[in-house]
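A.B. asks: Pasting the sequence and the predicted coordinates here, then a few questions.
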Amino acid sequence: MTGRDNSREDSPPETDETGDTLLARLPQRLRVALLLRDRAGLSDRAIATHLRVGVTEVPGIIDEARGELRRLRQGD
């Protein structure tokens with residue numbers, strides 16, 4: 001026993017096995033942007049530097065990634 005609560009209620013959907021499988025299906029740029037934001041907690045500026053894009057592009061990339069994940073979850 002690790003003492004860690006593994007309840008799905010507290011975990012973002014991207015952290016479960018199904019979420020990881022769906023993340024793997026995203027294009028690399030979208031996957032990296034989403035992981036840097038949601039798991040690493042990086043700012044728009046840090047993500048922009050990593051992706052070599054403008055800071056103003058990052059919110060759109062994150063939105064695109066989340067939209068693609070929703071589409072994949074729905075089985076499209």
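C.D. replies: Cool, got the structure.
A.B. asks: and the residue nearest to residue 23 when sequence neighbours are not counted, what helix or strand is that in?
C.D. replies: The shortest distance from residue 23 to any residue other than its chain neighbours is 5.5 Å, reached at residue 31 (Cβ to Cβ, 6 or more residues apart in numbering). Every C-beta, even on glycine, is put in place using the N, C-alpha and C of the backbone. Assigned by DSSP states H and E, residue 31 falls within helix 28-38.
A.B. asks: Could you check the angle the very next helix or strand once past that helix makes with helix 28-38?
C.D. replies: The helix or strand immediately downstream of helix 28-38 is helix 44-51, counting by DSSP H and E. With axes from the mean of the first three to the mean of the last three Cα atoms, to 10 degrees defining the directions, helix 44-51 sits at 150 degrees from helix 28-38.
A.B. asks: Return the set of buried residues in helix 44-51.
C.D. replies: Buried residues in helix 44-51, defined by neighbour count with 16 or more other Cβ atoms under 10 Å: 44, 47, 48, 51.
A.B. asks: What lies in contact with that helix?
C.D. replies: Outside helix 44-51, the residues that touch it by Cβ atoms under 8 Å, 6 or more residues apart in numbering are 29, 32-33, 36-37, 42, 54-55, 57-59, 61-62.
A.B. asks: Since that was my last question, I'll sign off now.
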